[in-house]
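Undergrad: sequence first, predicted model second:
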Amino acid sequence: MKHEHIILASASPRRLQLLTEAGWRVKAIPADIDENIGRDEMPEQAVRRLALAKAEKIAHLHPQAVVIGADTVVCIDGIILGKPADYRQAKQMLQFLAGREHTVTTGVAVLRPRTEGSEDDVSKVWSVRSQVEFHPLSEKEIEDYLACIDPLDKAGAYAVQDCGDMIIADIKGSRANVMGLPIEELQTALKHNPA
């Protein structure tokens with residue numbers, strides 16, 4: 001595979017870092033799409049749909065590249081938490097998550113260039129779930145945590161890799177998935193399905 005032809009359809013520095021640390025040469029190009037989630041949409045459906053929409057938007061502009069799209073949501077009590085709109089909402093999200101377990105779901109789409117005789121892009125779309133348990137948190141502990149990070153570009157208003165030990169008690173499943181990209185599964189998809 002020609003690594004220089006891999007594009008990450010994302011502005012996320014965490015996703016780019018995970019791919020780079022795994023040894024892939026990747027160019028990041030943000031895909032500006034509507035990320036609203038339908039009222040009756042399940043988390044797995046939503047993240048797969050959004051990951052594919054991001055990948056398709058960039059693949060249309062770069063038809064010879066392998067394009068990776070991803071989207072992550074936090075879900076608790078059947079409520080999907082995306083990125084907070086402001087600091088006040090970020091604080092409310094962390095208060096809601098404090099002392100409880102929630103699910104982090106990331107959808108991933110890999111679109112490959114069309115090959116001779118093929119009418120469609122060869123694609124793979126899947127999702128991965130991890131369980132995250134928060135420590136019980138006081139208002140001051142939440143404020144201290146929010147002072148350490150920029151919560152506005154993070155689903156659920158937190159990031160495991162940024163002072164995560166201040167708020168996270170336990171993770172079951174992929175830690176990379178909680179960061180926004182299940183790198184283990186993605187590496188397998190990239191290696192076993194060469195362009």
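TA: Everything's here; your move.

Undergrad: which helix or strand contains Val125?
TA: Assigned by DSSP states H and E, Val125 falls within strand 122-134.

Undergrad: what are the buried residues along whatever helix or strand comes next after that strand?
TA: Once the chain leaves strand 122-134, the next helix or strand it forms, by DSSP H and E, is helix 139-148. Judged by neighbour count using 16 or more other Cβ atoms under 10 Å, the buried positions of helix 139-148 are 142, 145-146. The way it works is simple: take the backbone N, C-alpha and C, and place the C-beta from them, glycine included.

Undergrad: the lowest-mean-pLDDT helix or strand in the chain to strand 122-134, inter-axis angle?
TA: Across the helices and strands of the chain, mean confidence by mean pLDDT, DSSP states H and E is lowest for helix 183-192: a mean of 85. Comparing the axes of helix 183-192 and strand 122-134 via axes from the mean of the first three to the mean of the last three Cα atoms, to 10 degrees yields an angle of 170 degrees.

Undergrad: ok, now which ones touch the closest residue to Asp86 other than its chain neighbours?
TA: Spatial nearest neighbour of Asp86, excluding adjacent residues (Cβ to Cβ, 6 or more residues apart in numbering): Leu152 at 7.2 Å. Neighbouring residues of Leu152 by Cβ atoms under 8 Å, 6 or more residues apart in numbering: 83-87, 90.

Undergrad: give the helix, strand or coil label for Leu152.
TA: helix (DSSP: H, G, I helix; E, B strand; the rest coil).

Undergrad: report pLDDT for it.
TA: The score at Leu152 is 90. That number is its pLDDT.

Undergrad: where does the protein dip in pLDDT?
TA: For the chain, the stretches flagged by pLDDT under 70 are 1-4, 114-122, 192-195.
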